[in-house]
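1. generate coordinates for the sequence data below:
(chains A and B)
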Amino acid sequence: MRSVISVYVENKYGVLTRVAGLFMRRGFNIDSLTVGETENPAYSRMTITMNGDDYAREQLVNQLKKLHNVKRVKVLESETSVERELMLIKVRSTPENRSEVMAAAEIYRAKIIDYNTDAMCVEVTGEPSKIKAFIEVMKPLGILEMCRTGAVALERGDNTIDR
Amino acid sequence: METAKGRQMTGAQIVVETLIEQGVTDVFGYPGGQVLNLYDELYKASDRINHVLTAHEQGASHAADGYSRVTGKVGVVIATSGPGATNLVTGIATAMLDSIPLVAITGNVPTTLIGRDSFQEINIAGVTIPITKHNYFVTDVKELADTIREAFQIAKSGRPGPVLIDIPKDVQVAECTYIPQPVVPFAPQDEAGDDLIDRAVELINQAQRPYIYIGGGAAGIGMTKEIMAMAEKIDGYIGCSFMGLSALANSYDRFLGMQGMHGHYASSMANNEADLIIGVGVRFSDRATGNTAKYARNAKIIQLDTDLAEINKNIPVDLGIIGEIQSSFNRILERCAKTEHPAWRQQVEALKAEEQHIADEAERAAGDAMTPKKIFDVINEIKDDDTIIATDVGQHQMWTAQYVDFGRTRRFASSGGLGTMGYGLGAAIGAQIATGDRTVLITGDGSFGMNLNELATAVSYNTPIVIVLMNNGVLGMVRQWQTLFYGQRYSNTVLNRKTDFVKLAEAFGARGARAANIDEFRAAFTEAMAHDGPTVIDTLIDMDEFVLPMLPPGGSIDDMITTKGG
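-> Sure, this is the predicted structure:
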């Protein structure tokens, strides 16, 4: 079962290590972790996606809450939250595949952000399933390298991590 | 310079002043290059704060831990950077696993040298992240006082634990204004909801065979009276985990003692036969439960804890109650009905009789041999309720858990969760210095060999510590496993060393004695208990003594071994 967990942390010494170390120590497998500043520069927000049963999720949430620099932890349900991920993907550019890449980019509402005669770099934003689908389309065309940010997510409506 | 509010001070001065402000009277430690400034200030403040110098930083960390276990106060340990700091690691981890409040203060190289692999530089904050409740690397002297204050709060509040503060040398030298502050009381933890308390009461009122299972979370806050009152009211019995020992006097007839891998027969059996287990500050560790799938199959489980992550962690429970343990417990106690369970009483009394029978048979078979049981009978007879018992780790520790009569709470220092061999002597020193009370260290020749250098400390401070060294020439607990599960292949557990522990004690300036039979032990122990300094009693026991009963690792109550023959 996939879970998305939002964690509001103080921007203090070693906070990322503390959170990341917790996963290793407790044997949790996480799929992605993103971290960035919030509207308040004293705090950062992490979005963690993981696969595991209810036990693993409950333990992860409870153990996170025990870290001194962690101020809020919230599990985001897919029905009541929005989730996005950004990917940069570089594919080989040949006279044969160029138009196919450009067509796919248009259909997926992706952007070509770098282009020369040898390679194209495409920026794709969307839900993880869309990113995954785009990768599948690009595979036969020759992926040179790619980079994903991992998911970020917020609740819908005026709900915040505070309530 | 003095202002109306505060005084200009160096970081090192601020550390000492803030420690005093937090009520610290004793610290344990070992000086070194990056804490010279701090030690200079400790020297100047020696009339207000007592520093105990150990032989090794590990010993200091265990001493601070022992100090905390018997007083409930936060233990404080100081070490220099690099190896000084890494030598604390085992002590900090020991405190973490047993939820002991500790503040460890380390020096580090100046901030300008950080990250350059400078001499004696180690990122101790990084090293100790997994074994501290929280830790700090202080880079600004202005944050120092508040950091120390917060460290004490974190160490002691909720579920206690160790906190480390790493202070680079230039931060100890830098100055700022220090403003004294009163100690802030902890923000109380949220109380458990009434619905949960009522649900617990309902489960208790429905139960026919209740078993109150207490752990370190209860023992540490002295809930003796409440626990006894609950047992009387609901006509139940009480058992404990290793960390719950010393919460109740063994003489109390509803107390069955420790349950689990080496628990008392009656306690483990009653735990298994109960229809309701009320866990109070216990974490259902693997040593207590054995095979979790078969643990307490007949029982509903209520778990009271202050730490939300403990609920359902090791054992799925029927009802988890998070909040301040004592207050949750008292609310349940108040509301539950007074009941009688004569059938349960009969059942448990039969188990107790069975346990007594097994013990009697074992002693009869042993004849005149100096069995652990006989040794502890003498110790129990001569010690009083204030005597502190410390142990190392191994067979002697389990015998202590099984046989020692604890007269009252906070008289026990032993490494439960981490199982740290070499813990005992440092802890005994810390506990003795904390209380001024006579301390008995039960140890083995394996454990004692790990940190016996602290005998120098025990002698320097003339601490009345009686060291009962149960010497069997082998690593007895590992040997027991090798006997039972490894075809008697005694790989590296036969020590057979030529150490003369009597001479060794004398060389350190302590007294030494040897006991080859129980009469000699009685004489040596009696004399040692009257001596005002440390004594080592080299107590010779058989290498094939077993700790029984035993639940094999991963086994269940059905696999219990009660006699040497199986």
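
2. does the worst-scoring helix or strand of chain A on mean pLDDT come close to chain B?
-> Using mean pLDDT, DSSP states H and E, helix A:15-26 stands out as the lowest-scoring helix or strand of chain A, at a mean of 91. Yes: Helix A:15-26 reaches chain B (Cβ under 8 Å from any Cβ of the partner chain) through A:17-18, A:21, A:25. (Glycine included, C-beta is placed from N, CA and C.)

3. neighbour-wise, which of those residues leads?
-> A:R18 (21 neighbours; other Cβ atoms under 10 Å in any protein chain shown).

4. how far away is that one from A:Q63?
-> As for A:R18, its distance to A:Q63 is 11 Å (criterion: Cβ to Cβ, to the nearest Å).

5. hmm, back to that, okay, the least confident helix or strand of chain A in PDB with CA atoms only?
-> Taking Å, rounded to 0.1, in the frame of the first residue of the first chain, the C-alpha atoms of helix A:15-26 are listed here in PDB:
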ATOM      1  CA  VAL A  15      17.300  17.400  10.600                       C
ATOM      2  CA  LEU A  16      17.400  15.600   7.200                       C
ATOM      3  CA  THR A  17      19.900  13.100   8.600                       C
ATOM      4  CA  ARG A  18      17.700  12.500  11.600                       C
ATOM      5  CA  VAL A  19      14.700  11.700   9.400                       C
ATOM      6  CA  ALA A  20      16.600   9.700   6.800                       C
ATOM      7  CA  GLY A  21      18.400   7.800   9.600                       C
ATOM      8  CA  LEU A  22      15.100   6.900  11.200                       C
ATOM      9  CA  PHE A  23      14.100   4.900   8.000                       C
ATOM     10  CA  MET A  24      17.300   3.000   8.000                       C
ATOM     11  CA  ARG A  25      17.300   2.300  11.700                       C
ATOM     12  CA  ARG A  26      13.700   1.100  11.800                       C
END
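
6. what's in contact with it?
-> A:7, A:9, A:28-30, A:33, A:35, A:44, A:46, A:59-60, A:63-64, A:67, A:69-70, B:126, B:129-130 (Cβ atoms under 8 Å, 6 or more residues apart in numbering or on different chains).

7. give me the buried subset of those.
-> A:7, A:9, A:28, A:30, A:33, A:35, A:44, A:46, A:59-60, A:63-64, A:67, A:69-70, B:129 (16 or more other Cβ atoms under 10 Å in any protein chain shown).

8. and the residues you listed, which of them are in helices?
-> A:59-60, A:63-64 (DSSP state H).

9. which one among these gets closest to B:L452?
-> A:Q63 (37.8 Å; Cβ to Cβ).

10. would you confirm that the closest one contacts B:E310?
-> No: judged on Cβ atoms under 8 Å, A:Q63 makes no contact with B:E310 at a distance of 10.3 Å.

11. how about the strands of chain A, start to end?
-> Along chain A, counting by DSSP state E, strands occupy A:2-10, A:30-37, A:43-51, A:70-76, A:81-92, A:111-115, A:119-126, A:143-148, A:152-155.

12. dump the ones you listed to JSON lines, plus distance to B:P31.
-> As requested, the strands of chain A are arranged in JSON lines below (distance: least, Cβ to Cβ, whole Å):
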{"stretch": "strand A:2-10", "distance to B:P31": "33"}
{"stretch": "strand A:30-37", "distance to B:P31": "40"}
{"stretch": "strand A:43-51", "distance to B:P31": "38"}
{"stretch": "strand A:70-76", "distance to B:P31": "36"}
{"stretch": "strand A:81-92", "distance to B:P31": "53"}
{"stretch": "strand A:111-115", "distance to B:P31": "59"}
{"stretch": "strand A:119-126", "distance to B:P31": "58"}
{"stretch": "strand A:143-148", "distance to B:P31": "50"}
{"stretch": "strand A:152-155", "distance to B:P31": "49"}
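
13. now the ones you listed in a markdown table, with distance to B:R159 and mean pLDDT?
-> As requested, the strands of chain A are exported to a markdown table (distance: least, Cβ to Cβ, whole Å; pLDDT from 0 to 100):
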| stretch | distance to B:R159 | mean pLDDT |
| --- | --- | --- |
| strand A:2-10 | 20 | 96 |
| strand A:30-37 | 25 | 93 |
| strand A:43-51 | 24 | 95 |
| strand A:70-76 | 15 | 96 |
| strand A:81-92 | 32 | 97 |
| strand A:111-115 | 50 | 96 |
| strand A:119-126 | 42 | 97 |
| strand A:143-148 | 38 | 97 |
| strand A:152-155 | 30 | 96 |
